[in-house]
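>>> Sharing a model that was predicted from the sequence below.
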Amino acid sequence: MKPAALVFDAYGTLFDVHAVVARCESFWPGHGTQLSQLWRTKQLEWTWQRSLMRRYVPFSQVTRDALGYACESLGLPCGDAQVEALMQEYLRLAVYPDVPDALVRLQADGRRLAILTNGSSDMIEPLVAHRGLKARFAAVLSVDSLAVYKPAPEVYGLAASRLGLRATEIGFVSSNCWDALGAKSFGFSVWWINRGSAPLDRLGFTPEGTLRGLGDLPEALAA
């Protein structure tokens, strides 16, 4: 069955989290890429840990804390001005080049599109608006209302509830394998964007399709 709606992860799927590298590099030459990678790693780890501990704080706080940890771990001096500048970068992350056209094509097919993100409202809403994508989405859903992070099943349930659809009527798209397979476990049809040609996580589930980028999705759905 073709999905009636498509739900997208945001960070790493639509928006390039490593678009912050240039700004990091401007503050700490030679360390931009390393800092961005460690920042992202701790950001993800702490969402999972906080969910397991039932100690939720908004993603903006997790992101800020992860930046502080990454700088301290790498021995990089980081003042308030640098922290604020880098947090602002998250409000204007670049979209991947194939994203705008793919969203236009997918919306033209008559499907409702939505975002389901770990990002808190104070981060995702300004970002979507800044990139001129607000009109593309019927809903931009944050885990804030549930106070738990993906891949908790209730997060995917939020999308089904808000869209008024059964899980089997929803297609989910993520570049994060753990997220894609969490959605598959919940009952969504799933397409995994595997830009790095990584092996599939051994979690007992297989996506409907593995794509090189979002631009491949319209053809995959038409097949």
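Sure thing, it's come through.

>>> Please, where are all the helices along the chain?
Secondary structure of the chain by DSSP state H: the helices cover 21-27, 32-53, 59-73, 80-89, 99-108, 121-130, 153-163, 177-186, 217-222.

>>> what distance separates the last one from the middle of the whole chain?
Between the centre of helix 217-222 and the centre of its host chain there is 21 Å, according to C-alpha atoms, centre = their mean, to the nearest Å.

>>> and the nearest residue to R54 once chain neighbours are set aside, what does it touch?
Closest residue to R54 apart from its sequence neighbours, by C-beta to C-beta, 6 or more residues apart in numbering: V148 at 7.8 Å. Placement of C-beta: from N, CA and C, glycine included. Contact analysis of V148 by C-beta atoms under 8 Å, 6 or more residues apart in numbering lists 51, 54, 56, 154-155.

>>> The protein - how does it break down into domains?
For the chain, automatic domain parsing gives the domain ranges 5-15+93-222, 18-89.

>>> Can you tell me which of these is packed in deepest?
Here the criterion is mean neighbour count by mean count of other C-beta atoms under 10 Å, and of the domains of the chain the winner is domain 5-15+93-222, at a mean of 19.

>>> Any idea how far apart the tips of that one sit?
End-to-end distance of domain 5-15+93-222: 14 Å, with C-alpha to C-alpha, to the nearest Å as the criterion.

>>> which residues sit in contact with the residue nearest to D122 when sequence neighbours are not counted?
Spatial nearest neighbour of D122, chain neighbours left out: S60 (5.4 Å); criterion: C-beta to C-beta, 6+ apart. Contact analysis of S60 by C-beta under 8 Å, 6+ apart lists 87, 120, 122-123.

>>> Mind doing that once more with 10 Å?
87, 90-91, 119-124, 144 (C-beta atoms under 10 Å, 6 or more residues apart in numbering).
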